[in-house]
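Student: Sequence plus the predicted model coming up.
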Amino acid sequence: MEELLQRLEKKIKELVDQHDRLKHSNMQLHHSKSVLAREKDALLAKQLKAISQIETLVARLKAIEKLP
């Protein structure tokens, strides 16, 4: 009976340790996801700015082509 209790205690400790590791890993993943989402938003903003600048340059070039 004592041996069974010791095995159960050991198994419970292993499960608690695994839970703690998974909880920590999950927190890290959520943090990484947040960081990546912010980086994605920043890159999207840069992309939109670049598109706008390119469209402006193309419009200027077309205007220059129409000059006599």
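Tutor: Received, thanks. Residues are numbered from 1 along each chain as shown.

Student: what's the helix or strand for Val16?
Tutor: helix 2-65 (DSSP states H and E).

Student: What's the mean pLDDT across that helix?
Tutor: Mean per-residue pLDDT for helix 2-65: 97.

Student: chain center to that helix, what's the gap?
Tutor: How far helix 2-65 lies from its chain's middle: 2 Å, per CA atoms, centre = their mean, to the nearest Å.

Student: Check which helices and strands it is in contact with.
Tutor: In terms of contacts (3 or more CB pairs under 8 Å, 6 or more residues apart in numbering; DSSP states H and E), helix 2-65 is not packed against any helix or strand. Yep, even glycine has a C-beta here, placed from its N, CA and C like the rest.

Student: when you give positions from now on, start the count at 389
Tutor: All set: I'll call the first residue 389, so the last point we hit is now helix 390-453.

Student: quick one: Ala433 from Ser440, how far?
Tutor: Distance from Ala433 to Ser440, counting by CB to CB, to the nearest Å: 11 Å.

Student: repeat for His419
Tutor: 32 Å.

Student: same check, this time on Ile452
Tutor: 19 Å.

Student: again, but for Met389
Tutor: Separation of Met389 from Ser440 (CB to CB): 76 Å.

Student: More neighbours: those two, which one.
Tutor: Ser440 (10 against 5; other CB atoms under 10 Å).

Student: What spatial separation is found between that one and Val404?
Tutor: 54 Å.
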